[in-house]
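J.: starting from these lines, generate the structure:
(one chain, ligands or ions: 2)
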Amino acid sequence: MSDQNIVQQAWQAASDKQTQAQADYPELGCLSGCNDCCKHHGSPMTYAQEWDCIADWLAQHPQVYQQARIQYTQLKQTLQVRLAKSEVPTISGALFEAPCPFLQDERCAVYPVRPMTCRAFGNTTLAPHPSSGEQIYTCNPEKDRWEQLLPMLQEPCVLPERTDLFAPLANWGQPRSLLSWLERAMHADTR
Ligand code: SF4
Ligand code: SF4
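T.: Numbering: from 1, shown residues only. Ligands and ions are numbered 1, 2, ... in the order given. A predicted model of the protein is given here:
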């Protein structure tokens, strides 16, 4: 099976598990219309093979790629000004908390090919962190809401495990941030 087929299968499995989790626990889900995580943590880690799928999709949707280039260029310019004023310690650190350039008109413009990191955010669990004991892989407001709701469920809550979703991708070495893949692509285009 090709790498891209493995990615597509893993993405589909994640979608299926999320759909099932939302059907089982309809009160546990992202706030309707919310995209705050895309606005404040918009550089999700992405495997090279996932980026290949995204790049192919962008080649078929050049307007999305062009808009992402514009947004990313503006973002870097803004961050460089903030760096000069010592408002951010480093550009690379600030980029991790920056809006995703694929968030366009308040929606994910690459939704069909968004990386697993974005797919797994929401109704999935982490192995308990030794110090915090945190289990749910979602934003802090949702985590708080879930922790209030979970004890009210009649049966133990069974949600997809984040590590299971990533297992088909995990043999491919380290992922990179989505922004670094975009920057590489932009750099290659200007050669
Ligand atoms: S995880 Fe939280 S911040 Fe992200 S879309 Fe859902 S409710 Fe919004
Ligand atoms: S790729 Fe889409 S879902 Fe993921 S952070 Fe960017 S806009 Fe949000």
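J.: can you give me the strands for the chain?
T.: Remark: strands assigned in the chain by DSSP state E are 45-46, 103-104, 107-108, 176-177.
J.: surely Q49 and Q8 touch.
T.: No. If you go by Cβ atoms under 8 Å, Q49 and Q8 don't touch, sitting 10.1 Å apart. Any C-beta I mention is one placed from the backbone N, CA and C, and that applies to glycine too.
J.: neighbour count winner among the two?
T.: Q49 (18 against 15; other Cβ atoms under 10 Å).
J.: what pLDDT is listed against the more buried one?
T.: For Q49, the model assigns a pLDDT of 96.
J.: residue contacts, it?
T.: Listed by Cβ atoms under 8 Å, 6 or more residues apart in numbering, the contact partners of Q49 are 3-4, 6-7, 169, 172.
J.: for the residues you listed, pick the one with the most neighbours.
T.: When neighbours are counted by other Cβ under 10 Å, V7 leads the contacts of Q49 with 23 neighbours.
J.: show me what contacts that residue?
T.: Here V7 is in contact with 47, 49-50, 52-53, 169 (criterion: Cβ under 8 Å, 6+ apart).
J.: any idea how far Q74 is from Q49?
T.: 29 Å (Cβ to Cβ, to the nearest Å).
J.: and stretch 120-128, which residues are buried?
T.: 120-125 (16 or more other Cβ atoms under 10 Å).
J.: wondering if it reaches ligand 1 at all.
T.: Yes. Stretch 120-128 is in contact with ligand 1 by Cβ under 6 Å from any ligand atom, via 121-122.
J.: how much distance is there from that stretch to the middle of the chain?
T.: In terms of Cα atoms, centre = their mean, to the nearest Å, the centre of stretch 120-128 is found 13 Å from the chain centre.
J.: got it, and stretch 37-46?
T.: The answer for stretch 37-46 is 5 Å, by Cα atoms, centre = their mean.
J.: again with stretch 21-41
T.: Distance, centroid of stretch 21-41 to centroid of chain: 12 Å (Cα atoms, centre = their mean).
J.: ok, stretch 75-94 next?
T.: On Cα atoms, centre = their mean, the centre of stretch 75-94 falls 22 Å from the chain's centre.
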